[in-house]
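Trainee: just coords:
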C-alpha cells in the first residue's frame, strides 16, 4: 500500500524586529516636525526683536515728566523809581542731586529749578554750547548750570525756525558774541550759554536763570542779554563770587541795575527794549568780587 509523501510543514513566520520603529517612520509627520527649522528660526527672530524693542524703549523713554506746562502771569508792575523787571519768577522746586538715569517729575516745564545731576563737565553742569535738534539734553543736565548762575536758552522745533539751518546759525552767532557774566565776570563759555532743544513748553523760546523764565515768541537776543545783565547771578543758590557792594552814588535801585524795557514781556509778545540792544556793564562794585 502506497502512501502520499507528507509535505514538510511550512516554516514558522519570522518574528519582525523593530515593529515600533517601522511604524513610527511610516506615520505622517506633524506640522512642527515638517517645519521645525523654520519655526525655531522665527521664534529666535521674535525673541531677539523683543529684546531690541525693550532696550530701545528703555533708552528713549523720557527721564523726566512735567506736572504743569508753565504759563506765567504778568509780573506785577514796578514802582515809579524802580527799573521794570524782566522775566517771570517761577516757584522753586527741590534741588537735590540725583543719579544719571533717575526719573524726575518736575512741577513745571520748562523747569527753572529742581533736581539735577552733579557730575561737572559731563552731565551737570554741562559745557556750554549750541546743542542741535538731535541732541538729547535733559533738564537734569542744564539745571546745574542754572544753580551756579548760568543762563540757559531753550527752543522748540514746533512753531519756530529754530531747527532750520538759519535758526541754528543764529544760535551759533549769539554764542560766539556772548558776554562775561554780570556780577562774577565769569568768562563766556564757562557756564553760559547753554542752548538746547526743549519741546515741553508753551512758547517757542525761553531764557532761563535759576527760578526765573523769560518766555519769547522770537529769538530776541537784545531781550535775552538785557535779562542776563539785569537778573543774572542774583537768584542762584550756589554763588560763585561775593555780591558786589554798591557805591555811594547808587542811591536808588535803578542806579545799580541794568536799564530794561519799559514793560514786562508777556509770553505771547516780545516787546522791543527801550534801552540799547547791548547790555550795560555789570553792577558797580567797590572792589572786584572774589571767587569762591
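Mentor: That came in fine, so what should we check first? The structure displayed is predicted, hence computed values, not measured ones.
Trainee: In contact with residue 195: list those residues for me.
Mentor: By C-beta atoms under 8 Å, 6 or more residues apart in numbering, residue 195 lies in contact with 129, 130, 131, 152, 153, 154, 155, 171, 174, 175. The C-beta positions use only the backbone N, C-alpha and C, and glycine is treated the same way.
Trainee: These into a markdown table, with extra columns for neighbour count?
Mentor: Supplementary listing: those in a markdown table, determined by neighbours: other C-beta atoms under 10 Å:
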| residue | neighbour count |
| --- | --- |
| 129 | 16 |
| 130 | 19 |
| 131 | 20 |
| 152 | 28 |
| 153 | 27 |
| 154 | 27 |
| 155 | 25 |
| 171 | 21 |
| 174 | 17 |
| 175 | 18 |
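Trainee: How about the contacts made by residue 65?
Mentor: Residue 65 touches 103, 104, 105, 106, counting by C-beta under 8 Å, 6+ apart.
Trainee: Among the contacts of residue 195, which one lies nearest to residue 240?
Mentor: For the contacts of residue 195, the minimum distance to residue 240 (C-beta to C-beta) is 16.0 Å, reached by residue 152.
Trainee: any chance you could read off phi and psi for the closest one?
Mentor: When read as degrees, to the nearest 10, the backbone of residue 152 gives phi -120, psi 130.
Trainee: Could you give the bridge partners of it?
Mentor: residue 194, residue 208 (DSSP bridges).
Trainee: Is it correct that it is in contact with residue 142?
Mentor: Yes: with contact defined as C-beta atoms under 8 Å, residue 152 reaches residue 142; the gap is 4.9 Å.
Trainee: Give the intersection of the neighbour lists for those two.
Mentor: Counting by C-beta under 8 Å, 6+ apart, the residues touching both residue 152 and residue 142 are 194, 196.
Trainee: quick one: which helix or strand includes residue 67?
Mentor: strand 64-69 (DSSP states H and E).
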